[in-house]
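Peer 1: Next comes the sequence, and after it the predicted model I'd like to discuss.
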Amino acid sequence: MLACPTREELQTFYETFNKTYYGGGRERGSKERQRRYAMAYLAAVGRHTHPGTLLDVGSSTSPFPDAAAAAGYRVTSLDFVRPPTLRDDVAFIQGEATPRPELRAGFETVTCFAVIEHSTAPRELASALVSYCRPSGVIVLTTPLVGDYWERNTAGRSAWFGPPEHLHLVSRRGMELLFCGAGCELVDYRRLELSTPRWVARYGIAAVEGLCGALMRAATPSRWLARRNKHVAHAAPIALYVFRKQLL
């Protein structure tokens with residue numbers, strides 16, 4: 001079993017995180033891949049809001065804050081370390097995503113891409129994100145997709161889990177409990193991918209692994225469980241959520 005890192009270990013880890021983080025993939029081609037993800041995030045945001053105040057939590061090396069600013073949003077970034085290429089017109093706040101009186105209900109849009117899985121306390125992070133958002137505003141986030149039929153039956157654990165980087169993986173039901181319990185409504189949920197061929201490939205792998213695992217689980221549950229605990233799945237899907245904060 002992997003041990004949970006201490007707060008001090010996490011602090012040390014994230015002090016240098018941006019120097020070696022390439023958007024969840026290899027360094028080669030990372031700038032273009034992150035640019036494409038940033039534009040996919042921006043498209044998701046644009047489906048539910050319009051240019052206004054936007055807080056991006058955990059920006060890291062993503063170009064999303066710059067892309068949002070270029071699209072007309074008044075952007076603030078909140079992170080442990082200032083992103084190295086942040087535009088001058090993007091405000092920056094250094095620190096953790098915890099409840100902050102000065103940020104309470106200050107933003108029409110709050111974004112948090114590939115962050116909640118890094119948190120030691122997802123419930124507290126969700127509460128903080130909701131507190132930053134204005135009533136009727138939206139919270140847009142991505143996280144590894146777990147808990148669907150295919151992932152539950154795959155004879156291998158999620159490739160996304162790996163302390164000290166990824167500490168918690170949250171299913172759709174878990175995400176709804178976190179945010180709907182804090183006064184939000186889920187208005188959009190989808191599997192995120194950069195193109196149709198990549199979508200088919202990624203989720204085709206997930207379906208094949210899940211189907212084979214389901215057959216093994218039905219035939220020999222003990223063998224399935226042993227393999228689930230020992231092996232890592234090849235599929236690594238991503239889920240996108242959009243929550244709207246309810247009026248008080």
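Peer 2: Good, I have the coordinates. Residues are numbered from 1 along each chain as shown.

Peer 1: Mean confidence (pLDDT) on the helix ranked longest in the chain, please.
Peer 2: Criterion DSSP state H: the longest helix present in the chain is helix 196-219. The average of the pLDDT scores along helix 196-219 is 91.

Peer 1: Check what contacts the helix or strand that it is followed by and list those residues.
Peer 2: Moving toward the C-terminus from helix 196-219, the first helix or strand encountered (DSSP states H and E) is helix 221-230. For helix 221-230, contacts defined as Cβ atoms under 8 Å, 6 or more residues apart in numbering pick out T154, A155, G156, R157, G213, M216, R217. Any C-beta I mention is one placed from the backbone N, CA and C, and that applies to glycine too.

Peer 1: do you know how far F179 is from G106?
Peer 2: To G106, F179 is 18 Å away according to Cβ to Cβ, to the nearest Å.

Peer 1: burial of A219, as a residue count?
Peer 2: Neighbours of A219 under the rule other Cβ atoms under 10 Å: 9.

Peer 1: do V90 as well
Peer 2: V90: 20 surrounding residues under other Cβ under 10 Å.

Peer 1: Check the one 4 residues further on too.
Peer 2: For Q94, the number of neighbouring residues by other Cβ under 10 Å comes to 10.

Peer 1: For this structure, which helix or strand comes out least confident on mean pLDDT?
Peer 2: The helix or strand of the chain with the poorest confidence is helix 17-20; it has a mean of 62 (mean pLDDT, DSSP states H and E).

Peer 1: I'd like to know which elements the helix or strand following that helix is packed against.
Peer 2: Per DSSP H and E, helix 17-20 leads on to helix 30-46 as the next helix or strand towards the C-terminus. Contacts defined by 3 or more Cβ pairs under 8 Å, 6 or more residues apart in numbering; DSSP states H and E place helix 30-46 against helix 64-70, strand 107-113, strand 133-144.

Peer 1: can you list contacts of the second one?
Peer 2: Among residues not part of strand 107-113, those counted as contacts by Cβ under 8 Å, 6+ apart are 37, 41, 45, 49, 52-58, 62, 64, 68, 73, 76, 97, 125, 129, 132-134, 137-142.

Peer 1: Apply the buried test to the residues you listed and list what passes.
Peer 2: Among the contacts of strand 107-113, those classed as buried by 16 or more other Cβ atoms under 10 Å are 37, 41, 45, 49, 53-58, 62, 64, 68, 73, 76, 97, 125, 129, 132-134, 137-142.

Peer 1: what does stretch 67-78 contact?
Peer 2: Contacts of stretch 67-78 with the rest of the structure, by Cβ under 8 Å, 6+ apart, involve 35, 38-39, 41-42, 45-46, 51-59, 65, 83, 86-87, 89-95, 97, 103, 107, 109, 111.

Peer 1: If you count neighbours, what's buried in that stretch?
Peer 2: Buried residues in stretch 67-78, counted by 16+ other Cβ under 10 Å: A67, A68, A69, Y73, R74, V75, T76, S77, L78.

Peer 1: how close does the residue in the chain sticking out farthest from the centre sit to A155?
Peer 2: When each C-alpha in the chain is compared with the mean C-alpha position (Cα atoms, centre = their mean), A219 comes out farthest, at 34.9 Å. Distance of A219 to A155, computed by Cβ to Cβ: 11 Å.

Peer 1: cool, and L54?
Peer 2: Taking Cβ to Cβ as the measure, L54 falls 41 Å from A155.
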